[in-house]
Structure formats: structure tokens, C-alpha cells
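Participant: Need coordinates for the following:
(one chain, ligands or ions: 1)
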Amino acid sequence: MNAFRIVPSVAEYAEFCGFAKEAALGEKDLILTNEYIYQPAISALNLGCQTLFQEQYGAGEPTDVMVDAILSALAGKEYERLVAVGGGTIIDIAKVLAVAKRGERVDDLYAHMGTLEKVHPLLIVPTTCGTGSEVTNISIINRTTKGVKQGIVSPAMFADQAVLIPGMLASLPYGVYATSSIDAMIHAVESYLSPDACPLSELFSEKALELILPCWKAAADSGEKDGWKPYAAEFLRASNYAGIAFGHAGCAAVHALSYPLGGVHHVAHGESNQVMFAPVLQKYLEKHPTGKINRLETLLSKLLGCAETAAIPALYSLMDRVLPRRPMREYGVTEDELPRYADSVIETQQRLLGHNYVPLTRDEILAIYKCAY
Ligand SMILES: [Fe+2]
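Facilitator: Sure, this is the predicted structure:
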């Protein structure tokens, strides 16, 4: 039995300056971020920190090529703490940099994952409302040389501190709010239904949903694109709570089945999860209609003010108001790709599939894909 624990300390500040002052950020610290985040929110503070802008080493989700290029660029720098400020890509890269010894490449880290040690103290400031990655010890890297997205996992990759700063979400575009908050909602649901959930992790899954759903509704009812911004603190906390929950109980089939959509067709992580969410839950309900999923229905019915039997469809409707769902075909997927996706999920995503509410066979996974198509 894996005991529940939260490893990083978690702190909250209204703005970055409060965190910078308390942490006494300075010349021995390296800030890993994007320039579009650094310039408006950090630059004027004149902290004297060293900086590295991730986008100079490649676009999109983290790849081995991108991380190796960053490792090479850092080889000549002397720094102590690593401060990651950004979304999922920045955070995943930072966790790898924190454990890489001088001269090591990404492949080396996979080769001795069991003996990784923290090289740089790590502080993480998430700037979306989705990843929850600031409190987990896994980093997903697209190993382009091997054609597979694979997690590096190690206790050494936990941050020392997760820092929640609602002010850092002020310039987040609507699309990133939408996809990242959908991702957080799915983390909450998948971790809640996971057979590895425990009463403590369930508290965090439940609280994440209690924060996200009313704020989604209030934001959508406002009719304004920025209607979610008054709730930035709630979305950030919800993402963090869902991260704590899935850090313990895991994510499952929704994340597993969405990988090919992200990897092959470059659909944003939260959006590709959204495509798979309803078809996976539908399969769960079909295979195991009475069980823990009924507790989820009870929770959702209270939050959404509807009958338990209508609760899951009501969740889909609310999610559609945040971002309308699209079928797989609209992302350029062709029907003959689906059997290959099912095979690849069985072959490479067992870590996630092990957290499924009910086991799914290859044919059932294919049926889910056809339903999402
Ligand atoms: Fe996710």
C-alpha cells in the first residue's frame, strides 16, 4: 500500500514579488520560463537571477532533443536553485534538469531512473490552471529517438516548494484556461475513480471538483471571455488539489488514450483528454454501472443541481460551455489509424491503464476510439 503524502511544501502569494522577496531570489538562482511570462511579470523586479527561455530550444511539448539542448546550454552555468515558472512543458523540463548531473543526457536519466538524486533545489510556479504537475514526481518526455512518450519518475523529482500565484494567470489566454482547467477536472475524476485512490486522495479530488464546477458555471454565465479571471485563485488551487490526488492515485484511460492524439496530431494535452473523456466514462458505465462511479454521480449531482442519473451528462454540457467537444476526425485522424492507436496504448500506456476504474481490453479501447471518432 502506497501511503498518501504531499512532498513539496505548498505556498500561495498574490503576486510574484511577494514570493521573490520571501524566497530571496537572486543571482544564484536560475529561472526557467518563457519570455512572454518573464517580461510582464518578473523582469521589472530586477532580481538579478539567471534566466533560460525554453522556447529558444524548441516548441510544443518536451522532447528529448529539446531537453538535451537545454542541458548543453546550462553546462557552462553555475546556479543553485532552479525556479520553474510556466505551464506543463516548463515544469516537466525543470524536474528533469533538477536531477541531471553535469554531462548527463535524457537517455542517461531513463537508464538509471531508480537512482536519480536531486542536484538543484527546485521551486515550481505553475502559470496555467491545469497541470498540477508542481506536486508530482513525474515528467513526460517525448522520446523522439524512440518514437514514444514516456514518463521519468523518481522521488528526487519532487519540487521542494510548489508556489501558487494567482496573479501569474492574469495574462493567460482563454484557450489555455479552457484546456488546462478541463485537464484539471479530468485529473480529479480519474484519480477519484482509480482503484489506488484512498480516503485522503479522494478529499483532494472532491475538493478540486467543488472548486472547478461552480467557477466554470459562473465564468460561462458571465458571457465574458475573461469571466474566469476573478476565479483564478480557485482554478489554481483546484489544479493543485487534483495534482495531489493524481500524484497518489494516478490518472487512467482518458490520459492513456489521448496520448496518440497529442503525440501524432499535436492536439493540446487538455483538449485531447477532453476528446476521450466522455467515451471512456461511457465504457466504464457500460461495464460497471454500480460501484464507485455512483459516488461520483452523487457528488456531481450536488454540485450541478441535477438528478444523479443526469449528473455525468450535465458535466459534459458544462464542459462544452467551456470548450465545445470535437470528434477525433476533426483533428485529422483517419479511421484506419484507430487500431494502431489501440495497439500502441496497450503496448506503451500500462502505467496509466493500471489505474482504470475497470480493466479495458484492446477491443474495448478500440470501441472507445470508434465512439470518439
Ligand atoms: Fe493531464
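Participant: C-alpha only now, for contacts and for neighbours.
Facilitator: Fine.
Participant: How about stretch 194-202, which residues are buried there?
Facilitator: Residues of stretch 194-202 classed as buried: 194-198, 201-202 (neighbour count, 16 or more other CA atoms under 10 Å).
Participant: want to try a markdown table for those, with pLDDT and distance to Ser139 as columns?
Facilitator: Formatted as a markdown table, the buried residues of stretch 194-202 follow (pLDDT from 0 to 100; distance: CA to CA, whole Å):
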| residue | pLDDT | distance to Ser139 |
| --- | --- | --- |
| Ser194 | 98 | 20 |
| Pro195 | 97 | 22 |
| Asp196 | 97 | 20 |
| Ala197 | 98 | 21 |
| Cys198 | 98 | 23 |
| Ser201 | 98 | 20 |
| Glu202 | 98 | 23 |
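Participant: Cross those against helices and list the overlap.
Facilitator: Among those, the members found in helices (DSSP state H) are 201-202.
Participant: which among the buried residues of stretch 194-202 gets closest to Glu35?
Facilitator: When the buried residues of stretch 194-202 are ranked by distance to Glu35 (CA to CA), Ser201 comes first, at 35.4 Å.
Participant: Apart from its neighbours in sequence, what residue is nearest the closest one?
Facilitator: Ala245 (4.7 Å; CA to CA, 6 or more residues apart in numbering).
Participant: mind listing what that neighbour touches?
Facilitator: 187-188, 191-192, 197, 201-202, 204-205 (CA atoms under 8 Å, 6 or more residues apart in numbering).
Participant: Off-centre distance for stretch 40-53?
Facilitator: Distance of stretch 40-53 from the chain centroid (CA atoms, centre = their mean, to the nearest Å) equals 25 Å.
Participant: For it, the averaged confidence score.
Facilitator: Mean per-residue pLDDT for stretch 40-53: 97.
Participant: and of the contacts of Ala245, the nearest to Lys370?
Facilitator: His187 (23.1 Å).
Participant: Tell me where the model's unsure across the stretch 151-300 of the chain.
Facilitator: Applying pLDDT under 70 to the stretch 151-300 of the chain picks out no residues at all.
Participant: what about Ile31, neighbour count?
Facilitator: 24 (other CA atoms under 10 Å).
Participant: How about Val264?
Facilitator: 11.
Participant: go on, the one 3 residues further on?
Facilitator: Burial of Val267 is recorded as 16 neighbouring residues (other CA under 10 Å).
Participant: how near is it to Val65?
Facilitator: 20 Å (CA to CA, to the nearest Å).
Participant: Equivalent analysis for Ala3, please.
Facilitator: Distance from Ala3 to Val65, by CA to CA: 35 Å.
Participant: More neighbours: those two, which one.
Facilitator: Taking neighbours as other CA under 10 Å, Ala3 and Val65 compare with Val65 leading, 18 against 7.
Participant: Does the more buried one belong to a helix, a strand or coil?
Facilitator: Counting by DSSP: H, G, I helix; E, B strand; the rest coil, the backbone at Val65 sits in helix.
Participant: correct me, but it touches Thr144?
Facilitator: Yes - counting by CA atoms under 8 Å, Thr144 is a contact partner of Val65 at 7.4 Å.
Participant: Mind telling me what element the residue nearest to Ser201 is part of?
Facilitator: According to DSSP states H and E, Ala245 maps onto helix 232-249.
Participant: Which helix or strand lies directly C-terminal to that helix?
Facilitator: helix 253-265.
Participant: quick one: the strands in the chain?
Facilitator: 9-12, 30-33, 50-53, 82-86, 122-126, 138-143, 148-153, 161-164 (DSSP state E).
Participant: Just send those back as TSV, with distance to Ala311 too.
Facilitator: Formatted as TSV, the strands of the chain follow (distance: least, CA to CA, whole Å):
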stretch	distance to Ala311
strand 9-12	32
strand 30-33	39
strand 50-53	43
strand 82-86	34
strand 122-126	30
strand 138-143	32
strand 148-153	33
strand 161-164	31
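Participant: Out of those strands, indicate the one that is most buried.
Facilitator: strand 122-126 (a mean of 27; mean count of other CA atoms under 10 Å).
Participant: Report the distance from that strand to the chain centre.
Facilitator: The answer for strand 122-126 is 14 Å, by CA atoms, centre = their mean.
Participant: Repeat that for stretch 18-28.
Facilitator: Using CA atoms, centre = their mean, the offset of stretch 18-28 from its chain centre is 26 Å.
Participant: what's the answer for stretch 356-363, then?
Facilitator: Counting by CA atoms, centre = their mean, stretch 356-363 comes out at 22 Å from the chain centroid.
Participant: Now that stretch: average pLDDT?
Facilitator: The model assigns stretch 356-363 a mean pLDDT of 98.
Participant: Pull out the buried residues from it.
Facilitator: Quick answer for stretch 356-363 (16+ other CA under 10 Å): 356-358, 360, 362.
Participant: I'd like to know which of the contacts of Ala245 is nearest to Leu285.
Facilitator: Distances from Leu285 to the contacts of Ala245, taken by CA to CA, are shortest for Tyr192, at 14.9 Å.
Participant: Could you report the neighbour count for the closest one?
Facilitator: 30.
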